[in-house]
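S.K.: Take a look and give me a structure for this.
(one chain, ligands or ions: 2)
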Amino acid sequence: MRLRVSWVFFCAAAVVACGGEGGFEIDASGTDAAMPPPYRPPRCGPGLSGGSGVQDAACADGGLPTVDAGFDAAPPPPPCNEVTFTYTDPAASTVWLSGTWLADAAGVWPATPAEGALELVREGDRWTLTTLVEPIGRHLYKFIVDGDRWVPDPSNPEREPDSFGGFNSVLDVCGASCGDPTAFDWRDTVMYFAMVDRFRDSDGRSDPVPGASDGDARIGASGQYEGGDLRGATERLPYLADLGVTAVWLSAPYENRDLAGAAIDPASDPHSYSAYHGYWPSPGDIDYAEPGDPVPTPAVESRIGTAADLHAFVDTAHATMGAGGHSLKVLFDYVMNHVDIESALYRNHPDWFARDSGRIRLCGPENLWDDPFWGTRCAFTDYLPPFDFDVPAARAWSVADALWWAKEFDIDGYRLDAIKHVPQSWLRDLRSRLRAEISDAPAGRFYLVGETFAYDDPGLIRSFVDPGTMLDGQFDFPFKARLCEAVFAPGGDLSRFADWLASNDGYYGAGAIMTTWIGNHDIPRAIHFASREIANCREGSSPANGWNSASFRQPTDAAPYERLALAFAVMMTNPGIPLIYYGDEIGLAGGGDPDNRRMMPWDDAALSPHQRALRQRVRALARLRGANPVLGRGRRVTVSADADTWVYRRVGCDDSVLVAINKADAPRSVTLPPGTYEDLLEGGEVRGVVSLPPRSYLVLR
Ligand SMILES: [Ca+2]
Ligand SMILES: [Ca+2]
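M.R.: Numbering: from 1, shown residues only. Ligands and ions are numbered 1, 2, ... in the order given. Below is the predicted model:
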């Protein structure tokens, strides 16, 4: 089952080509692994990031898009109850759809088109139907194959027993159903990204690689290993649980390149980088013939710890209770596009890697990032050869490797790096094996979230989202840009954001769970957008902002921290898994990559009152989300909205929570719906016309 508008169908077959269709920016993206193209993209793009992010300087400095451009650039999504059903069976002669919303007054499902069953249309091996499902809410359905065989939807993981010893597929149209409010549900999750090398150093020791550009990562940029380690991350799990975090995304823990690497274009970025970020995997020539007992055993990166340390991290997380009464979940970053050229895997299997006339072909010089063929086969840089997943042995190895790490360490999900630069065959194979081999995933889903760096191409992002066969969700880049524009920019307009968000809610499909975010490791720190030092909400990393730490100081006034809290308030009270990039809970300063990866400060006395206040706000919001399923699972109904204020309800789960926001730099009054409300954050009661202080919010019941 998938939800999508029909034009995306044409894109799905050739996803990479679709990137350009929405027209807009080059998306060299996702390449946490490497650097951005130093070559001028045709239009301003997010740039690459990772080891040494660089962005086209012209984009970083000028040509700021207007707020209007942000809202209008995206194609209008379909209504959230427009559902596309798909069924793959080349041998079938007819495929019909029947379900609860098609039933007669007595509740009997139609068994034929004459009775109201809907007919799917054949497209090659697949049968499809796009239809409006009304009323919105929770529905059950089945396909009827060849007139008499009733089968649940194989691509929909949500199912429940029927009355005949089989299963019905479950459709949650527009996210209107709550499920069991006491059971773990990914929709309640608050995720935190801990970049291990920069999060917590347990022993004061690091193991630098020769030649990497150093720096004082406590106050600025560094390309070197800085000493953070797995034991340090484990020590800080209580901090994260207290903060309201319920899932931790850990930077890739497996063996990485031991040599320093040049920037993609040394002429624009003379720095040299270590693999401190984890995006340069360097696997041994591991034989997965016995999947449970590979030879040699895959190695944890020695610079962050041992396999025992990694087990300890996951086991401790799983033994730590988070808000909502569920154990902390763990996701690893997984990088499947490429490996280190020095790795034994590459040396022993050069035929598993993409070549053009015997040579690795670089993405940058010819701007192949979105090329229909080379976009999934070009190299981000010359020391990171990309897999050729058309080679069955290469794809089987990579999927087996991802499976091994998932099973060996009993993790709950993956964040998949640069997914658009990998053929979908890899993703489909991974999902298929996860479904077959991991039966105890939380709430039945091993959460796969992908990175497709595209602020204005939701269709491209969606083309990878299908919980049954590909991703559970992606990082919501369009959400990030529009939230930043609405809440941080002087001319932001919350009513337009509210309208846009209404169309975004169901856009990625009924079963999709996107990850919402305001900051990450590829762009300048969120606090500098909130402070308005950076006006372009799509600004990425560049040599100019990545190695200019003196220009990105910790703001000293309250306003930026209050605006950032507002952004978190929106994220924590809306659908999607809100992401906290480590340090954003204290508004940590820093420019682009790598200045956005300063060491997490743990000395509270060194934090300003504004930083501590922001952390307290994030903590209260995150804990509220974990304890109130309606915030993540319910529907949003806007009560009122104008440029500066927005009042909305979250309804569902036998609950109703009211949120009121004022993003203006002056007080604003809003009128609450009739009734007396409990202030869930500050306590006390409110009613009637409420004056909201500048940059403030209320969460009420
Ligand atoms: Ca250390
Ligand atoms: Ca290493």
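S.K.: The nearest residue to Glu562 once chain neighbours are set aside - how many residues pack around it?
M.R.: In space, and not counting its chain neighbours, Glu562 is closest to Arg695: 3.8 Å by C-beta to C-beta, 6 or more residues apart in numbering. Quick note: C-beta positions are derived from backbone N, CA and C, even for glycine. Neighbour count of Arg695, defined by other C-beta atoms under 10 Å: 22.
S.K.: show me the contacts for Arg695.
M.R.: Counting by C-beta atoms under 8 Å, 6 or more residues apart in numbering, Arg695 touches 559, 562-563, 565-566, 662-665.
S.K.: how near is Arg445 to ligand 2?
M.R.: Arg445 sits 32 Å away from ligand 2, going by C-beta to the ion, to the nearest Å.
S.K.: Touching, that residue and Pro157? I think so.
M.R.: Yes: using C-beta atoms under 8 Å, Arg445 makes contact with Pro157 at a distance of 6.4 Å.
S.K.: what touches both of those two?
M.R.: With C-beta under 8 Å, 6+ apart, Arg445 and Pro157 have common neighbours Pro467.
S.K.: hang on, the earlier thing: tell me which of the contacts of Arg695 fall in strands.
M.R.: Asn662 (DSSP state E).
S.K.: Dump the contacts of Arg695 into CSV; add distance to ligand 1 and neighbour count as well.
M.R.: Putting the contacts of Arg695 into CSV (distance: C-beta to the ion, whole Å; neighbours: other C-beta atoms under 10 Å) gives the following:
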residue, distance to ligand 1, neighbour count
Ala559, 36, 15
Glu562, 35, 22
Arg563, 35, 26
Ala565, 32, 25
Leu566, 36, 24
Asn662, 44, 25
Lys663, 41, 28
Ala664, 45, 18
Asp665, 43, 12
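S.K.: Which of the contacts of Arg695 sits closest to Gly232?
M.R.: Closest to Gly232 out of the contacts of Arg695 is Ala565 (26.9 Å), distances taken as C-beta to C-beta.
S.K.: so how far is Val314 from the closest one?
M.R.: Here Ala565 is placed at a distance of 31 Å from Val314 (C-beta to C-beta, to the nearest Å).
S.K.: Can you tell me the centre-most residue of this structure?
M.R.: Nearest to the geometric centre of the chain sits Phe475, at 2.6 Å (C-alpha atoms, centre = their mean).
S.K.: Check the contact between that one and Asp522; I expect there is one.
M.R.: No: Phe475 lies out of contact with Asp522 (C-beta under 8 Å); the separation is 10.0 Å.
S.K.: Need the phi and psi values for Asp214.
M.R.: Main-chain torsions, Asp214, degrees, to the nearest 10: phi -90, psi 170.
S.K.: Excluding chain neighbours, what is closest to it?
M.R.: Gln224 (4.7 Å).
S.K.: ok, that neighbour - contacts?
M.R.: Residues near Gln224 by C-beta under 8 Å, 6+ apart: 206, 208-209, 212-215, 217, 274, 276.
S.K.: just checking: which of those residues also lie near ligand 2?
M.R.: Residues of the contacts of Gln224 in contact with ligand 2 (C-beta under 5 Å from the ion): none.
S.K.: Can you select the buried ones from those residues in ChimeraX?
M.R.: Here is the ChimeraX selection string for the buried members of the contacts of Gln224, based on 16 or more other C-beta atoms under 10 Å:
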select :206,208,209,212,213,214,215,217,274,276
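S.K.: Out of the contacts of Gln224, which is nearest to Glu437?
M.R.: Checking the contacts of Gln224 one by one against Glu437 (C-beta to C-beta), the nearest turns out to be Tyr276, at 32.0 Å.
S.K.: before we move on, back to that, how about the residue nearest to Asp214, secondary structure?
M.R.: Assigned with DSSP: H, G, I helix; E, B strand; the rest coil, Gln224 falls in the coil class.
S.K.: Reformat the contacts of Gln224 as TSV; add pLDDT.
M.R.: Shown next, in TSV, are the contacts of Gln224 (pLDDT from 0 to 100):
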residue	pLDDT
Ser206	96
Pro208	97
Val209	97
Ala212	98
Ser213	97
Asp214	94
Gly215	95
Ala217	97
Ser274	98
Tyr276	98
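S.K.: Nearest to Asn545 among the contacts of Gln224?
M.R.: Gly215 (14.5 Å).
S.K.: Now do that closest one against Glu451, distance only.
M.R.: 26 Å.
S.K.: Ligand 2 contacts on this protein?
M.R.: Counting by C-beta under 5 Å from the ion, the residues of the chain that sit close to ligand 2 are 256, 258.
S.K.: how about a cut-off of 8 Å?
M.R.: 255-258, 275, 282, 301-303 (C-beta under 8 Å from the ion).
S.K.: Can you show me the helices along the stretch 501-650 of the chain?
M.R.: With DSSP state H, counting those that start in this stretch as the criterion, the stretch 501-650 of the chain has helices at 526-530, 543-546, 558-572, 609-627, 629-633.
S.K.: Packed most tightly, which of the ones you listed would that be?
M.R.: Stretch with highest mean neighbour count among the helices of the stretch 501-650 of the chain: helix 526-530 (a mean of 28; mean count of other C-beta atoms under 10 Å).
S.K.: follow-up on the earlier one: just the pLDDT at the residue nearest to Asp214, thanks.
M.R.: pLDDT for Gln224: 98.
S.K.: Kindly report the same for Pro41.
M.R.: On the pLDDT scale, Pro41 gets 27.
S.K.: cool, and Asp370?
M.R.: For Asp370, pLDDT reads 93.
S.K.: count of neighbours near it?
M.R.: Asp370: 22 neighbours (other C-beta under 10 Å).
S.K.: Is it in a helix, a strand, or coil?
M.R.: Classified using three-state DSSP, Asp370 is coil.
S.K.: any idea how far whichever residue of the stretch 351-500 of the chain sits closest to ligand 1 is from Tyr254?
M.R.: Across the stretch 351-500 of the chain, no residue is closer to ligand 1 than Phe409, which sits at 20.2 Å (C-beta to the ion). The gap separating Phe409 from Tyr254 is 10 Å, by C-beta to C-beta.
S.K.: neighbour-wise, which of those two wins?
M.R.: Comparing Phe409 with Tyr254 by other C-beta under 10 Å, the one with more neighbours is Tyr254, at 21 against 18.
S.K.: how close does the more buried one get to Arg597?
M.R.: Taking C-beta to C-beta as the measure, Tyr254 falls 19 Å from Arg597.
S.K.: ok, now Ala103?
M.R.: Distance of Ala103 to Arg597, given as C-beta to C-beta: 55 Å.
S.K.: Of the two, which one has the most company?
M.R.: Arg597 (31 against 16).
S.K.: Do I have it right that the more buried one meets Met195?
M.R.: Yes: here Arg597 reaches Met195: they are 6.0 Å apart, a contact under C-beta under 8 Å.
S.K.: Need the residues touching each of these two.
M.R.: Common neighbours of Arg597 and Met195 are listed as 277, 521 (criterion: C-beta under 8 Å, 6+ apart).
S.K.: hmm, back to that, now do the contacts for the residue nearest to the centre of the chain.
M.R.: Phe475 touches 449-452, 514-515, 517, 520, 579, counting by C-beta under 8 Å, 6+ apart.
S.K.: Show me the two of those residues that sit farthest apart.
M.R.: Among the contacts of Phe475, Thr452 and Leu579 lie farthest apart (C-beta to C-beta), at 15.0 Å.
S.K.: list the buried ones in the helix or strand hosting Asp499?
M.R.: Per DSSP states H and E, Asp499 falls inside helix 494-504. Of the residues in helix 494-504, 494-498, 500-502, 504 count as buried by neighbour count, 16+ other C-beta under 10 Å.
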